[in-house]
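> sequence unknown, structure follows:
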């Protein structure tokens, strides 16, 4: 589908601000186009993921509009294009895959246009074939517009002309408009000429990357840089329902604006600007993966995630210099109660939270070295993360009054030593009085060693608090339910538990893993934007502290983040009438950023006073 004029205008309006992970859900892709872009993305990773590429052509993709394999569309093309795509995949030849699949998608576009022109006598048929052609061209469109804007505008105008020239069937035969064959032919010729020159040349230029750039641009300028892009089916949206965030200072009645270091760390946790490319441009932040300190079970990027809620952050995509060539996507861990859960990392490799945070920023996501102030701020904020309250257990992790008989029997089993586990009980590692963890790492056999004799299967003991809401389980998310976890341990350690015993133990795990209020609720004025507004204006309040110390670096980072998020989050306002006011305030913050960048702190202070005045006057409208 082509972007509408309104969509393009909105994108242009927001482009001045930083990116955000709050993105609009993508329109489903044509199966052939989904296979094409997914295959190229996977082939561009180091090492290329050929097994997944095969699957992306051979099996229906969730991102596709209909459940059909993309390969079938390529097989239906003339001149053996489908066979060439398969041969390239089997030979694991990335350049050959690029050439065959690109040529094939372009041919599909031209074929659909030819069928539309042949069916002009039936405007309904012609329009359907045009939409099909546009669905194929979508595989190229964004890259054409980025690197060849003049050609992109010319082709875009031709698409508009061709839709008008196809006529309309009207409604129930009323208002029908006949097609214009001459206008159609001229517009089609413009599109075909561009496709033939750029995506069906006699010979393609040998490429280092597989981004589908127009051939004439590559021949003249080389492989020009484009904005980072993700394959169809990627999902960076926040989890829905939105996890509840429990912060220690809020529970004690302290306002975050009185804690500038914590507030600045909160902002950093929501800012893509601390990361390098491509994460920064894609709007990926700490909170993208860890929604409200918990797990984003929606997060998914084909080739980076083996399933939703997982990511390989040590591959080539986010930081080629940190690529470990293992392709080991891991389940995203919860950060609730993080001050109690050292050591950090799935295998407990980091003793301190500061080490862990620096590794995420610099190594995993290729960001610049954080300043001491930034590390201190992130640490101060993350140490405020608390576990979800659960009235079903007390502070020592014991079941409270009202527990069922099954849960009580499960508690006894949980604390029972088993000779098959060297005399240990479940509670030996998941210590109830210590938030159900022991701060150690164990190899329980959940991971196959990476080589013969390897001892790299140890993972740190995870807490069991809040686990009802964090499925699937284990480091790789291989177990879908708490019942399957119980079954796994029973089988792995030959515990010989009966069916009722397994059910009792599961009931106990569900009791201790529950929460009184697991999700944030939104209703009326208490909207998602209201929550964002309160957070963002709190972030902005840190300017007073930064201005006193003339900390331009951190002030600019904060202002870029808050201005961008205010503008983008405003699209979800319930009170849409106040949106222009939000955009005005985002513009003021952007003006402050420019003033600080010029070392004009007095000018920035004047704008800051205007911002605070608007904030106070329009606070009630912000929802």
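Okay, I see it. Treat the numbers as computed from the prediction; the structure is a model and nothing was measured.
> contacts and neighbour counts: CA atoms only from here.
Fine.
> Tell me where this structure is predicted with low confidence.
1-24, 172-173 (pLDDT under 70).
> Could you pull out the strands in it for me?
310-311, 330-331, 441-442, 459-460 (DSSP state E).
> deepest of the ones you listed, which one?
Counting by mean count of other C-alpha atoms under 10 Å, strand 310-311 has the highest mean neighbour count of the strands of the chain, with a mean of 26.
> Other residues contacting that one?
297, 299-301, 304-305, 329-332, 476-477 (C-alpha atoms under 8 Å, 6 or more residues apart in numbering).
> swap the cut-off to 7 Å and go again
299-300, 304-305, 329-332 (C-alpha atoms under 7 Å, 6 or more residues apart in numbering).
> Stretch 203-218 too?
When contacts are defined by C-alpha under 7 Å, 6+ apart, stretch 203-218 is touched by residues 40, 44, 95, 98-99, 140, 143-144, 197-199, 219.
> Span of it from start to end?
12 Å (C-alpha to C-alpha, to the nearest Å).
> do stretch 110-126 as well
End-to-end distance (C-alpha to C-alpha), stretch 110-126: 13 Å.
> Could you dump the strands of the chain into JSON lines and include distance to residue 575?
Shown next, in JSON lines, are the strands of the chain (distance: least, C-alpha to C-alpha, whole Å):
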{"stretch": "strand 310-311", "distance to residue 575": "35"}
{"stretch": "strand 330-331", "distance to residue 575": "37"}
{"stretch": "strand 441-442", "distance to residue 575": "50"}
{"stretch": "strand 459-460", "distance to residue 575": "46"}
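> for these, which one sits closest to residue 490?
Closest approach to residue 490 among the strands of the chain is made by strand 441-442 (17.2 Å; C-alpha to C-alpha).
> got the domain boundaries for the protein?
Domain assignment of the chain by automatic domain parsing yields the ranges 5-221, 248-382, 405-512, 528-621.
> Turn these into a markdown table, columns for distance to residue 522.
Below are these laid out as a markdown table (distance: least, C-alpha to C-alpha, whole Å):
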| stretch | distance to residue 522 |
| --- | --- |
| domain 5-221 | 17 |
| domain 248-382 | 15 |
| domain 405-512 | 19 |
| domain 528-621 | 6 |
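> that older thread, closest to residue 28 out of the contacts of strand 310-311?
residue 300 (15.4 Å).
> and among the domains of the chain, the most buried is which?
domain 248-382 (a mean of 20).
> Out of the strands of the chain, which is closest to residue 484?
Closest among the strands of the chain, once you apply C-alpha to C-alpha, is strand 330-331, at 16.5 Å.
> Pull the distance from the closest one to the chain's centre.
Averaging C-alpha positions (C-alpha atoms, centre = their mean, to the nearest Å) puts strand 330-331 14 Å from its chain's average.
> Okay, now the sheet partners of that strand, with direction.
On the basis of DSSP bridges, the sheet neighbours of strand 330-331 come out as strand 310-311 (antiparallel).
> how far is the strand it pairs with from where the chain is centred?
10 Å.
> Same question for stretch 253-265.
Using C-alpha atoms, centre = their mean, the offset of stretch 253-265 from its chain centre is 27 Å.
> List of residues touching it?
By C-alpha under 7 Å, 6+ apart, stretch 253-265 touches 374, 377-378, 380-381, 538-539, 541-542.
> What about the residue nearest the centre of the chain? Give its phi and psi, please.
Centroid-nearest residue in the chain, with C-alpha atoms, centre = their mean: residue 236, separated by 2.3 Å. Backbone torsions for residue 236, taken as degrees, to the nearest 10, come to phi -110, psi 10.
> Wait, it touches residue 299, no?
Yes: assessed by C-alpha atoms under 7 Å, residue 236 is found in contact with residue 299 at 5.3 Å.
> circling back: so how far is residue 98 from the residue nearest to the centre of the chain?
Applying C-alpha to C-alpha to residue 236 and residue 98 gives a distance of 27 Å.
> repeat for residue 421
53 Å.
> ok, now residue 350?
41 Å.
> Break down the stretch 201-350 of the chain into its helices, ranges please.
For the stretch 201-350 of the chain, the helices defined by DSSP state H, counting those that start in this stretch cover 215-221, 248-251, 260-269, 279-282, 286-289.
> Any idea how far the second one is from the middle of the chain?
Its chain's C-alpha centre lies 28 Å from the corresponding centre of helix 248-251 when counted by C-alpha atoms, centre = their mean.
> likewise the first one?
Put simply, helix 215-221 sits 32 Å off its chain's centre (C-alpha atoms, centre = their mean).
> what does stretch 149-164 contact?
Taking C-alpha under 7 Å, 6+ apart as the rule, stretch 149-164 contacts 127, 144-145, 184, 187-188, 190-191.
> of the contacts of stretch 253-265, closest to residue 60?
Of these, the one sitting nearest to residue 60 (C-alpha to C-alpha) turns out to be residue 378, at 41.7 Å.
> residues in contact with that closest one?
Counting by C-alpha under 7 Å, 6+ apart, residue 378 makes contact with 265-266, 268-269.
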